[in-house]
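Chemist: Let's see this in three dimensions:
(one chain, ligands or ions: 1)
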Amino acid sequence: MTARIIDGKALGAQVRSDIRTRVGQAHRSVRLDAVLVGTDRSATIYAQNQARNCAEAGIEYHLHTLPSASGFDEIAGRVLLMNTDESISAIMLHLPLPEGVDAERVQSLIDPNKDVEGVNPANIGNVVYGRRSLVPCTALAVIEMIESTGITLRGSNCVVVGASNIVGKPIAVLLMREEATVISANKFTQNLAALTREADVVVVAAGVAALVKRDWIKPGAVVIDVGINRQTGADGKSFTVGDVDPAVAEVAGWMSPVPGGVGPMTVAMLLRNVADAALA
Ligand code: NAD
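Modeler: Modelled structure (predicted):
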């Protein structure tokens, strides 16, 4: 069997087109306000890409740049002002923050109704309780991609490899909300391969290149690869690989590629959260 590809680029493009239509028909403007502290190169590039993605979707984008020397009080103060500004419906915080500033403490100040990255703990708490909430974008992307295969999650066996607060744990919680049977694995899990071999769905978000091998996967299973690992080839050029060995495609029923899988779908889910924060 050769796995069918879950094309995150194509799925993401469809979501973005739907958002463009929804935003175009809305009776109020939809905007995203992002905070960038300092001049970190990756964060600056991310912010530029975000501005372009928002423009394409018809979303207004406002970047609030603060000096590198900003401390907790300045950054938190800006977030609190944005919380009370009624013209702002969506807030996100670019990382990293300056050394010594506790990012999680700042994130937990973002109004949960404007927290489009789902980083305020109140939002994941709302997911656990089945209430309406803004959910971390990568976790949303993973669920959408699994559902795109047509598999019935209720009653299925799912293994989530990786249990970080922003990726692995929210994915496990969303799968539980779908009434799947969920195993959350981490680097201390024993006999991981024996667990994944029983699974109908395997989601891998460990940050370990080619961790999951061909013989770890049940024939026909859905495999979602969240990992992003930069590697350098013999020619000195760098490239990206996932956490799943490409040979898994010989046994899986469905598999998401890296690149072109969870990454582009995550970008689309952020835009959807922005639209939901303003319009839902
Ligand atoms: P993290 O380092 O915060 O957490 C890694 C988790 O994996 C931990 O729970 C750890 O215990 C577990 N783990 C590590 N090695 C393991 C092993 N050998 N066996 C089982 N579990 C193991 O990482 P993160 O922020 O959750 O990110 C995970 C991966 O997902 C990274 O490669 C990251 O770059 C990628 N990522 C991708 C996207 C996207 O949009 N595609 C978004 C966020 C993160």
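Chemist: give me the number of residues near the residue of the stretch 1-150 of the chain found nearest the ligand?
Modeler: Residue nearest to the ligand within the stretch 1-150 of the chain: residue 138 (4.1 Å; C-beta to the nearest ligand atom). (C-beta placed from N, C-alpha, C; glycine too.) Neighbours of residue 138 under the rule other C-beta atoms under 10 Å: 23.
Chemist: Please apply the same query to residue 86.
Modeler: Neighbourhood size, residue 86 [other C-beta under 10 Å]: 5.
Chemist: next one: residue 179
Modeler: Residue 179, neighbours per other C-beta under 10 Å, totals 12.
Chemist: Look up the closest residue to the residue nearest the centre of the chain, ignoring the ones flanking it.
Modeler: For the chain, residue 138 is the residue whose C-alpha lies nearest the centre (C-alpha atoms, centre = their mean; 1.4 Å). Leaving aside its sequence neighbours, residue 138 sits nearest to residue 266 (C-beta to C-beta, 6 or more residues apart in numbering; 4.8 Å).
Chemist: and the helix or strand of the chain with the lowest mean pLDDT with the ligand, contact?
Modeler: Lowest by mean pLDDT, DSSP states H and E among the helices and strands of the chain is helix 121-128, with a mean of 93. No: Helix 121-128 stays clear of the ligand (C-beta under 6 Å from any ligand atom), getting no nearer than 13.8 Å.
Chemist: Return the distance of that helix from the chain's centre.
Modeler: 15 Å (C-alpha atoms, centre = their mean, to the nearest Å).
Chemist: same for the helix or strand following it, what does it pack against?
Modeler: Using DSSP states H and E, the helix or strand that follows helix 121-128 towards the C-terminus is helix 137-147. Using 3 or more C-beta pairs under 8 Å, 6 or more residues apart in numbering; DSSP states H and E, the elements in contact with helix 137-147 are helix 8-25, helix 168-177, strand 201-204, strand 222-225, helix 262-279.
Chemist: Pull out the buried residues from the fourth one.
Modeler: Spelled out, it's strand 222-225. Within strand 222-225, the residues that count as buried by 16 or more other C-beta atoms under 10 Å are 222, 223, 224, 225.
Chemist: Residue 36 bridge partners, please.
Modeler: Note on residue 36: beta-bridge partners by DSSP bridges are residue 65.
Chemist: That one: neighbour count?
Modeler: 20.
Chemist: distance of it from residue 242?
Modeler: Separation of residue 36 from residue 242 (C-beta to C-beta, to the nearest Å) stands at 28 Å.
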